[in-house]
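Trainee: What shape does this take:
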Amino acid sequence: MHDLIIRNGLVVDGISESPYRADVAVDGNQISKVGVVSGESLQVIDAGDCAVTPGFIDLHTHLDAQIGWDPMLTPLSWHGVTTAILGNCGVTFAPCKPQDREFLANMMETVEDIPRDAILEGLAWNWESYGEYLNALESLSPVINVGGMVGHCAVRFYVMGERGIDKDASAQEIEQIAMVVEEAIKSGAVGFSTSRNPGHRIPDGRSVPGTFATEDELLAIAKVVGQEGGLMQSVMNMSSVDDEMALLKLEASKARVLFSHYTGGTTSFGDKIEAQVDLMRREGLDVSAMVIPRASGFVAGLEVYPPWRGGPWDELLPMALKDRLKALDDPALTERLIEFARANEPIVPAEQIYHLGDGEYPDYVSGPEQSLSALAERNLEHPAETFIRMSLASNGKALFTLRALNRNLEAVAKAISADFCLPGLGDAGAHVNQIMDSGWTTFCLAYWCRDRELLSLSEMVKQLTSAPARIVGLSDRGVIKPGAKADLNVIDLDQLSELMPKVVSDFPGGSKRLIQGAKGYRATVCNGVVILENDRHTGARAGEVLRRK
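Mentor: As a prediction, this is how the structure comes out:
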């Protein structure tokens with residue numbers, strides 16, 4: 001008698017070169033057999049027309065706050081993810097002295113667009129050290145597994161206080177910073193994260209702590225991270241790529257390194273990065289990258305943020321959607337909006353703004369003929385007129401994606417085909433009413449694998465499972481084999497798709513956020529428990545807090 005048998009699925013195990021037909025038996029939280037499984041089971045899933053994969057691993061999330069009030073970790077858990085890594089980009093909530101909570105909450109709001117009040121009200125704040133923070137996460141019983149990295153911003157402010165924002169650390173302070181990071185990893189952090197991006201700012205406009213940390217400081221940290229078998233995660237300063245890559249190489253001489261990669265508007269930028277990483281890897285350095293697998297940026301719409309900012313457009317922002325729609329009935333206001341738009345560019349050029357469509361599924365890959373600029377030209381309108389007209393026609397529900405990053409899909413294709421680079425950077429839990437890329441796993445399988453055939457099914461599944469598991473040091477997840485943890489997906493690949501993003505107001509205090517469901521997930525299993533069936537949560541919460549061993 002087994003606890004669960006998944007019968008006759010096309011097993012894509014995260015290891016093998018080709019899928020194969022097999023049953024998968026689960027007992028407790030482990031896979032007990034793969035092959036022909038006889039006997040009875042308490043629960044059976046017929047996977048005859050489905051692929052069976054390991055659960056997906058998302059290395060780059062910012063669910064640090066949301067987990068406090070949403071242990072279901074939506075929308076990530078709707079997209080086959082069974083392990084999420086928190087604490088990216090240097091911004092974390094631990095370690096934290098009681099008097100520093102507001103500073104960390106304010107910083108998370110300005111960097112990651114997570115409402116400050118929701119953070120302060122929605123978290124227990126019953127920790128100081130990183131180990132105590134992980135204990136607090138365990139008490140929340142999350143639906144899926146979570147692991148965390150300790151962030152440079154929090155560590156620096158913990159050790160240096162106000163000086164940690166923009167002053168160099170002394171030799172003694174560097175030693176203290178390294179000791180705090182070492183303690184965090186020994187207590188379970190899977191690594192350390194930092195941001196070198198000057199655009200990541202605290203409320204007063206200064207860059208976050210650690211942005212301009214010296215080489216000595218970062219190498220002292222990398223040394224202890226490497227000694228403990230942890231990961232160094234970094235967001236680079238893309239305006240100084242050569243210097244950043246040189247620093248990355250020094251860090252990689254001491255620890256595994258993962259950095260955020262952007263392809264630019266052409267393949268040449270990505271080629272330059274790939275060439276430098278290739279040299280490092282030939283020298284035996286463990287350097288990997290992640291890239292958003294599609295053109296990404298803000299989601300715009302009357303219900304969230306319009307593509308123009310300032311002037312009369314900002315008058316709409318405090319209003320509820322029904323009041324925004326009513327305001328657009330006023331010809332005088334509409335004229336002011338259009339006149340402002342004629343004199344001021346949108347956040348990104350109208351050629352980079354694309355309607356997501358008006359059907360059940362969003363269109364992330366349409367060509368230039370579907371840009372807001374092209375739609376306006378065909379209708380002999382200004383783009384602002386087109387935006388207003390489409391917003392009114394959809395009762396305010398029309399959504400547009402502002403393709404600010406990775407606009408060249410061929411450059412993206414080249415990046416995720418490279419050995420060093422994985423798809424990811426969905427930023428789940430962050431930019432909650434601005435960006436919605438949490439469905440990137442579904443997009444990769446549906447578009448890059450099924451529709452474009454860029455990678456084989458086995459290759460793509462490895463990119464979502466065993467490859468990120470290796471990077472973060474999870475030896476018992478990301479694969480289907482006896483003895484591995486039973487994190488699994490049963491997926492109808494023919495039906496697989498992201499659903500259209502929508503706006504909900506379910507954060508503490510009624511704050512708005514974007515969410516996005518999926519279609520095609522017959523089942524998701526976490527630690528042997530079915531947590532999702534036919535694209536809906538079962539209500540079971542089987543996740544564990546994964547600590548560095």
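
Trainee: can you tell me which residues contact Ile6?
Mentor: Asp23, Val24, Ala25, Val26, Val44, Ile45, Ala47, Val52, Leu488, Val490, Ala523 (C-beta atoms under 8 Å, 6 or more residues apart in numbering). (C-beta placed from N, C-alpha, C; glycine too.)

Trainee: Correction: the previous question concerned Arg452.
Mentor: Contacts of Arg452 (C-beta under 8 Å, 6+ apart): Ala413.

Trainee: Would you mind measuring from it to Ala25?
Mentor: In this view, Arg452 and Ala25 are 34 Å apart by C-beta to C-beta, to the nearest Å.

Trainee: what's the answer for Gln99, then?
Mentor: Applying C-beta to C-beta to Gln99 and Ala25 gives a distance of 52 Å.

Trainee: cool, and Glu369?
Mentor: 51 Å.

Trainee: between the two, who's got more neighbours?
Mentor: For Glu369 versus Ala25, neighbours defined as other C-beta atoms under 10 Å are more numerous around Ala25 (23 against 9).

Trainee: Tell me the secondary structure of the more buried one, please.
Mentor: strand (DSSP: H, G, I helix; E, B strand; the rest coil).

Trainee: what residues are up against it?
Mentor: Applying C-beta under 8 Å, 6+ apart, the residues contacting Ala25 are His2, Leu4, Ile5, Ile6, Ile31, Ser32, Lys33, Val34, Val37, Ser41.

Trainee: Of those - the most surrounded one?
Mentor: Ile6 (30 neighbours).

Trainee: Name the residues linked to it by a beta bridge.
Mentor: For Ile6, the beta-bridge partners under DSSP bridges are Val24, Ile45.

Trainee: per-residue confidence at it?
Mentor: Note on Ile6: pLDDT of 98.

Trainee: next one: Thr266
Mentor: The model's pLDDT for Thr266 equals 66.

Trainee: Can you name the residues in contact with the lowest-mean-pLDDT helix or strand in the chain?
Mentor: Taking mean pLDDT, DSSP states H and E as the measure, the helix or strand of the chain with the lowest value is helix 267-282, at a mean of 88. Contacts with helix 267-282, where a contact means C-beta under 8 Å, 6+ apart, come from 241, 245, 248-249, 252, 261-264, 287, 289, 408, 410-411, 414-415, 418-421.

Trainee: Can you mark which positions in stretch 358-374 are buried?
Mentor: Pro362, Tyr364, Ser371, Leu372, Ser373, Ala374 (16 or more other C-beta atoms under 10 Å).

Trainee: Next, the fourth one: phi, psi?
Mentor: Leu372 adopts backbone torsions of phi -60, psi -40, taken as degrees, to the nearest 10.

Trainee: Can you give me every residue that contacts it?
Mentor: Pro307, Ala350, Glu351, Ile353, Tyr354, His355, Pro383, Thr386, Phe387, Phe400.

Trainee: run the last query once more with 6 Å
Mentor: Ala350, Ile353, Pro383 (C-beta atoms under 6 Å, 6 or more residues apart in numbering).

Trainee: can you pick the most crowded of these?
Mentor: Busiest of these [other C-beta under 10 Å] is Ile353, holding 26 neighbours.

Trainee: is it true that it touches Phe400?
Mentor: Yes. Using C-beta atoms under 6 Å, Ile353 is in contact with Phe400, at 5.2 Å.

Trainee: joint contacts of the two?
Mentor: Common neighbours of Ile353 and Phe400 (C-beta under 6 Å, 6+ apart) do not exist.

Trainee: Show me the contact partners of the one helix or strand Phe103 maps to.
Mentor: Taking DSSP states H and E as the criterion, the element that holds Phe103 is helix 101-112. Here helix 101-112 makes contact (C-beta under 6 Å, 6+ apart) with 62, 91, 93, 96, 114, 116, 119-120, 125, 200-203, 430.

Trainee: Same check on stretch 161-175?
Mentor: Arg156, Phe157, Val159, Met160, Arg206, Pro209, Thr214, Glu217, Ala220.

Trainee: and Ile185, that's in a strand?
Mentor: No. Counting by three-state DSSP, Ile185 is located in no strand; its state is helix.

Trainee: For it, which residues are in contact?
Mentor: Ile185 neighbours (C-beta under 6 Å, 6+ apart): Glu228, Gly230, Arg548.

Trainee: got these as a markdown table, with distance to Tyr130 columns?
Mentor: As requested, the contacts of Ile185 are arranged in a markdown table below (distance: C-beta to C-beta, whole Å):
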| residue | distance to Tyr130 |
| --- | --- |
| Glu228 | 13 |
| Gly230 | 12 |
| Arg548 | 11 |
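
Trainee: Turn the residues you listed into JSON lines, including secondary structure, neighbour count and distance to Thr538.
Mentor: Formatted as JSON lines, these follow (DSSP: H, G, I helix; E, B strand; the rest coil; neighbours: other C-beta atoms under 10 Å; distance: C-beta to C-beta, whole Å):
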{"residue": "Glu228", "secondary structure": "coil", "neighbour count": "19", "distance to Thr538": "37"}
{"residue": "Gly230", "secondary structure": "coil", "neighbour count": "27", "distance to Thr538": "34"}
{"residue": "Arg548", "secondary structure": "coil", "neighbour count": "22", "distance to Thr538": "30"}
